[in-house]
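# pasting the structure only:
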């Protein structure tokens, strides 16, 4: 219904709606990240960290630990790199979506570099007594940030595709569940504080929607649908 109404307008409003919603969510996420970072720089301890860690530690058992180790692997650099390569091949060879491939690469690779820079900037030490060994600093969570960017961008591509509505909803729910489970696995395994995961999701959301907004703008420009994006052709 909304799409039919939008098509009746003299200019397509849907790209503007997508960009506006992305900016609103980005500003909200950026505010969360700044609030957490400010408290961290002032060496304040997050009370909710200890509460959540204690509650999650009570859930630990051998079976769930094995499941969480598998889930956390879905957000690792190795698996995301392999999945990204496969996604890029599909976008370029099958879909001929060159700008989508470029922005996807920028989103995931740029997000990884951004996370590395943020980790070294804040230099937060990881929690003690973790169930697996991880190197590097803790804040923000690279798994949380990377998985949100990768699976989030993939979900965006699916939603903007011509696939059926029911399949889109199913895949979107699957991607969201995967992102949240990866974040939870990092807390469960004791390699991140909950605030690390929340910061990773927040920073990842900002970067993700910046890249999506760039792709939406390019798409609108190519279709010459927005008045201020129209080109002038020589007579």
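Noted; the coordinates are in hand. From a predicted model like this one, the values you see are computed outputs, not experimental measurements.
# list the contacts for the residue lying closest to residue 74 once chain neighbours are set aside?
Nearest residue to residue 74, sequence neighbours excluded (C-beta to C-beta, 6 or more residues apart in numbering): residue 182, at 6.0 Å. Just so you know, the C-beta spots here come from the backbone N, C-alpha and C atoms, and that holds for glycine as well. For residue 182, the contacting residues are 71, 72, 74, 75, 143, 144, 147, by C-beta atoms under 8 Å, 6 or more residues apart in numbering.
# Per-residue pLDDT of residue 165, please?
In this model, residue 165 is scored at 86, pLDDT.
# any idea how far residue 171 is from it?
Separation of residue 165 from residue 171 (C-beta to C-beta, to the nearest Å): 11 Å.
# next one: residue 187
Computed as C-beta to C-beta, the residue 187 to residue 171 distance reads 25 Å.
# Please say which of those two ends up with more neighbours.
Between residue 187 and residue 171, counting by other C-beta atoms under 10 Å, residue 187 is the more crowded of the two (25 against 17).
# Got the confidence number for that one?
pLDDT, residue 187: 96.
# Quick check: the gap between it and residue 156.
Per C-beta to C-beta, residue 187 is found 26 Å from residue 156.
# residues contacting residue 49?
Residue 49 neighbours (C-beta under 8 Å, 6+ apart): 193, 194, 195.
# Next step: these restricted to strands.
The members of the contacts of residue 49 all map outside strands under DSSP state E.
# Dump those residues to a markdown table, plus pLDDT and distance to residue 138.
A markdown table is the format used below for those (pLDDT from 0 to 100; distance: C-beta to C-beta, whole Å):
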| residue | pLDDT | distance to residue 138 |
| --- | --- | --- |
| 193 | 94 | 7 |
| 194 | 94 | 11 |
| 195 | 93 | 9 |
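# what does the helix or strand residue 88 falls within contact?
Element membership for residue 88, per DSSP states H and E: helix 77-89. By C-beta under 8 Å, 6+ apart, the surrounding residues in contact with helix 77-89 are 73, 101, 104, 105, 108, 112, 142, 146, 147, 150, 154.
# Tell me which residues touch the first one, please.
Residue 73 makes contact with residue 79 under the criterion C-beta under 8 Å, 6+ apart.
# and what of the third one?
By C-beta under 8 Å, 6+ apart, residue 104 lies in contact with 84, 87, 88, 91, 153, 157, 211.
# rerun at 10 Å
By C-beta atoms under 10 Å, 6 or more residues apart in numbering, the contact set of residue 104 is 84, 87-88, 91, 97, 149-150, 153-154, 156-157, 211, 215.
# roughly how far apart are residue 148 and residue 98?
For residue 148 relative to residue 98 (C-beta to C-beta), the value is 24 Å.
# Among the contacts of residue 182, which one lies nearest to residue 118?
residue 144 (12.0 Å; C-beta to C-beta).
# tell me which residues in the host helix or strand of the closest one are buried?
Counting by DSSP H and E, the element that carries residue 144 is helix 142-159. Of the residues in helix 142-159, 142-158 count as buried by neighbour count, 16 or more other C-beta atoms under 10 Å.
# could you point out which element follows that helix?
helix 165-188.
# Which parts of that next one count as buried, going by neighbours?
In helix 165-188, counting by 16+ other C-beta under 10 Å, buried: 168, 171, 175, 178-179, 181-188.
# go on, stretch 127-142?
Applying a neighbour-count criterion of 16+ other C-beta under 10 Å, one finds 127, 134, 137, 138, 139, 140, 141, 142 buried in stretch 127-142.
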